[in-house]
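[1] requesting a structural model of the entry that follows:
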Amino acid sequence: MSEVVTVRSLHSLYEKKGIDSLLALGEVTIFGWVRTNRPSGQLAFLELHDGTHFLSLQLVYTKDNPDFEKMAHLKMGASIKATGKIVASPSAKQPYEVQVSALELIGDVADDYPLQKKRSTFEFLREQAYLRPRANTFQAVYRVRSVLSYAIHSFFQERGFVYVHTPIITGNDAEGAGQLFQVATNGEHPFTDFFGKEAHLTVSGQLHGEAFALAFKDIYTFGPTFRAERSNTPRHASEFWMIEPEMAFCDLKGDMEVIEACLKYAIEKVVTSCKEEIDFFDRFIANGLKDKLQAVLHSSFAHMTYTEAIKKLEEAVKEGISFENKKIYWGMDLQSEHERYLCEKIAKGPLFLTDYPKEIKAFYMKENPDGKTVAAVDLLVPGEGELVGGSQREDDPLKLKEKMGQLKDMDWYLNLRRYGGCPHAGFGIGFDRLLMYVTGMQNIRDVQLFPRTSNALKY
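    Numbers count the residues shown, from 1 in each chain. Purely as a prediction, here's the structure:
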């Protein structure tokens with residue numbers, strides 16, 4: 001009886017023990033889907049993909065096979081079961097292939113199958129989101145997404161962080177931006193009749209995470225968040241995943257140390273575990289990607305205050321650098337073009353930008369002794385701009401109460417400072433944007449499985 005194998009198991013065996021170990025397997029059986037099928041004279045080549053590895057497996061069948069005609073008419077996308085012998089391949093493209101002795105059609109493909117051999121645009125594939133995991137680019141994206149997600153968990157678990165699940169339905173707006181999806185029922189008072197107050201989908205798990213950090217010391221949340229932004233840009237989505245650690249007895253310096261270590265750890269895991277995928281992205285999506293990622297891994301992240309950054313931008317304008325947002329002044333909210341200039345032209349690598357004006361940052365950030373700025377940090381990276389945002393949290397209950405102003409039902413958050421409070425800090429990484437950075441993909445809709453954006457809810 002033939003051994004059932006996968007493309008992944010064959011590739012792993014070849015990598016570890018070489019071609020002789022594969023030839024010794026004898027007859028094998030493999031299940032998968034037809035990528036291409038090229039009958040040509042006496043010989044035919046079928047590319048099979050089984051989802052276990054980015055690479056496909058070449059199957060060879062000949063005119064001598066009694067099922068040749070049936071095999072020759074197999075369509076792209078059909079699911080099959082193939083049995084045959086592994087042999088060394090004369091082709092330079094792959095070191096081994098399978099000589100098919102028997103093949104069974106499991107699931108045929110209708111004539112209106114949307115995916116064909118020709119290259120499809122990303123725009124077209126967004127309209128076929130339920131099928132695009134079958135395309136090369138998205139096979140690579142979603143496999144890297146899986147590895148990157150696991151790497152994030154591994155980083156924090158190895159360091160003793162406790163993983164907490166913060167609420168998706170909440171009554172507070174952590175960012176104070178007001179871009180909320182309200183939760184409603186079909187009752188007489190749809191926004192209040194179930195919870196007795198207005199509720200909405202969370203924009204951040206941070207505030208609830210702080211409560212657990214002040215009991216467990218180091219925690220992290222990694223889950224979905226929501227913003228009701230009508231921004232039709234390549235970087236914005238209505239639903240996305242956030243990585244949000246919180247650390248007690250930690251200041252802004254410690255916060256930045258964890259940010260740098262986390263990013264380097266995650267990138268290293270992807271680079272080593274997804275070599276074929278990163279090669280693909282470097283070749284077809286973002287030339288120079290591998291060099292960019294290696295540069296991050298081997299760099300020391302630079303540091304600059306917001307005030308210093310404003311001076312650098314003012315100097316750039318005087319020297320003739322043209323920004324779309326021409327007016328540079330202390331207190332402005334920096335735009336992506338400013339952030340990219342600072343990290344790409346000034347720092348020439350990843351840059352921690354710290355100590356922002358308190359007026360442009362959230363209420364929970366710790367006020368610095370100067371009374372003008374807060375202990376906030378954004379990590380800026382070449383090609384992307386802001387990738388991570390964090391801060392030391394305000395631990396003075398009097399200052400926090402003043403900054404909270406008219407926020408309702410937030411006594412519990414204030415009491416965290418009154419009941420054994422301590423210095424603590426945390427940050428947030430938009431997981432989907434991090435995935436864009438690691439893969440070189442340019443649109444957030446192309447790294448999410450079924451993207452949620454305004455006026456787009458097909459699936």
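[2] could you give me the average pLDDT of the helix or strand where residue 390 lies?
    Assigned by DSSP states H and E, residue 390 falls within strand 385-392. Mean per-residue pLDDT for strand 385-392: 95.
[3] partner strands of that strand, parallel or antiparallel?
    Its sheet considered, strand 385-392 pairs with strand 373-381 (antiparallel), strand 424-430 (antiparallel) by DSSP bridges.
[4] what comes up buried for that strand?
    385-392 (16 or more other C-beta atoms under 10 Å). For the C-beta atoms, the positions are set from N, CA and C on the backbone; glycine is no exception.
[5] next one: stretch 33-51
    Within stretch 33-51, judged by 16+ other C-beta under 10 Å, the buried ones are 33-35, 37, 39, 44, 46-50.
[6] same check, this time on stretch 286-293
    Neighbour count says stretch 286-293 has 286, 289-290, 292-293 buried, by 16+ other C-beta under 10 Å.
[7] now find how far off-centre it is within its chain.
    Centre-to-centre, stretch 286-293 and its host chain are 17 Å apart (C-alpha atoms, centre = their mean, to the nearest Å).
[8] what ranges do the strands span in the stretch 201-350 of the chain?
    218-226, 239-248, 302-305 (DSSP state E, counting those that start in this stretch).
[9] what packs against the longest one?
    What it means is strand 239-248. Counting contacts by 3 or more C-beta pairs under 8 Å, 6 or more residues apart in numbering; DSSP states H and E, strand 239-248 packs against helix 206-216, strand 218-226, helix 252-273, strand 424-430, helix 431-439.
[10] could you dump the first one to PDB, C-alpha only?
    Read it as helix 206-216. What follows is helix 206-216, C-alpha atoms only, in PDB (Å, rounded to 0.1, in the frame of the first residue of the first chain):
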ATOM      1  CA  GLN A 206      -5.700  48.800  26.100                       C
ATOM      2  CA  LEU A 207      -7.800  50.200  28.900                       C
ATOM      3  CA  HIS A 208      -9.000  46.800  30.000                       C
ATOM      4  CA  GLY A 209      -5.500  45.400  29.500                       C
ATOM      5  CA  GLU A 210      -4.200  47.900  32.000                       C
ATOM      6  CA  ALA A 211      -6.400  46.500  34.700                       C
ATOM      7  CA  PHE A 212      -4.800  43.100  34.200                       C
ATOM      8  CA  ALA A 213      -1.200  44.500  33.900                       C
ATOM      9  CA  LEU A 214      -1.700  45.900  37.400                       C
ATOM     10  CA  ALA A 215      -2.400  42.400  38.700                       C
ATOM     11  CA  PHE A 216      -0.200  40.100  36.400                       C
END
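[11] picking that back up, can you list the strands paired with strand 385-392 in JSON lines and add mean pLDDT and distance to residue 308?
    Shown next, in JSON lines, are the strands paired with strand 385-392 (pLDDT from 0 to 100; distance: least, C-beta to C-beta, whole Å):
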{"stretch": "strand 373-381", "mean pLDDT": "97", "distance to residue 308": "12"}
{"stretch": "strand 424-430", "mean pLDDT": "97", "distance to residue 308": "21"}
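[12] which one of those strands lies closest to residue 151?
    strand 424-430 (11.9 Å; C-beta to C-beta).
[13] hang on, the earlier thing: residue 15: which of the buried residues of stretch 33-51 is nearest?
    The closest of those, once distances to residue 15 are taken by C-beta to C-beta, is residue 50, at 17.1 Å.
[14] my read: that closest one touches residue 33, true?
    Yes - if you go by C-beta atoms under 8 Å, residue 50 and residue 33 touch, sitting 7.3 Å apart.
[15] one step back: now the buried residues of stretch 33-51 as a markdown table including pLDDT, distance to residue 167 and secondary structure?
    As requested, these are exported to a markdown table (pLDDT from 0 to 100; distance: C-beta to C-beta, whole Å; DSSP: H, G, I helix; E, B strand; the rest coil):
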| residue | pLDDT | distance to residue 167 | secondary structure |
| --- | --- | --- | --- |
| 33 | 98 | 40 | strand |
| 34 | 97 | 45 | strand |
| 35 | 95 | 43 | strand |
| 37 | 95 | 50 | strand |
| 39 | 89 | 57 | strand |
| 44 | 93 | 57 | strand |
| 46 | 96 | 50 | strand |
| 47 | 96 | 47 | strand |
| 48 | 97 | 45 | strand |
| 49 | 97 | 40 | strand |
| 50 | 97 | 39 | coil |
